[in-house]
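Visitor: here is a sequence with its predicted model. Questions after.
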Amino acid sequence: MHDTAYEITTQPRPADYPAYLPTPEGPVMLPSEIPPGVQMVTLPGGIRTLAYTQPSAPAAPLVPVSQPIPAWAKTTALLTPTIGGGIAAAGIGLSYAAPGLIAVSQALWSAVALIAAAAVGVPVLLRLGRAATGTGRGSTHITQNITASGMFGKANGTINHH
């Protein structure tokens, strides 16, 4: 992969070597001496060493990935022609039924007028009928007197016709 061979050189530990790193057993390489493609890695055993790493892959151009269509969008798409067709059918039906609906509305207004006339006319006719027979003046009055003694006592009563 790498055709160029780099010679790794070492020298004694510099004075500015970080204190948090463990003391190396051998000479230390300065960061400026590390060739490109080589990094400090930690091996599974805990040993830190320099190693060639794989170069990062170039960023691939973003390819649009098709997303699944949400369920609500599918439902809406399926219902839209159905609802539109239903509204169109209702409009056509109303256009055919319009003459009948006009006749029914006129009949309903006639029924309302009949009910209003009956509400006014029936009491007037009843009043006139009572006045003609003469029974409208006399009426029977019934009076009841009930007495009882105690909570569970027997009740006595009288009924008077006037």
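Guide: Received, thanks.

Visitor: what about the residue most central in space within the chain, which helix or strand?
Guide: Residue closest to the mean C-alpha point of the chain, counted by C-alpha atoms, centre = their mean, is W72 at 11.8 Å. Assigned by DSSP states H and E, W72 belongs to helix 71-133.

Visitor: stretch 52-62: end-to-end distance?
Guide: Using C-alpha to C-alpha, to the nearest Å, the end-to-end distance of stretch 52-62 comes out at 29 Å.

Visitor: let me see the contact set for the residue nearest to the centre of the chain.
Guide: With contact set as C-beta atoms under 8 Å, 6 or more residues apart in numbering, W72 has no partners. (C-beta placed from N, C-alpha, C; glycine too.)

Visitor: where in this structure is pLDDT low?
Guide: 1-28, 55-57, 59, 132-139, 162 (pLDDT under 70).

Visitor: pull up the distance across stretch 46-65, start to finish.
Guide: Counting by C-alpha to C-alpha, the terminal residues of stretch 46-65 are separated by 41 Å.

Visitor: so the residue nearest to the centre of the chain versus G91, what's the distance?
Guide: With distances taken as C-beta to C-beta, to the nearest Å, W72 is found 28 Å from G91.

Visitor: picking up where we left off before, ok now the helix holding W72, how far from the chain's centre?
Guide: 35 Å (C-alpha atoms, centre = their mean, to the nearest Å).

Visitor: identify each buried residue in the very next helix or strand once past it, please.
Guide: Next along the chain after helix 71-133, taking DSSP H and E as the criterion, comes strand 142-148. Within strand 142-148, no residue is scored as buried using 16 or more other C-beta atoms under 10 Å.
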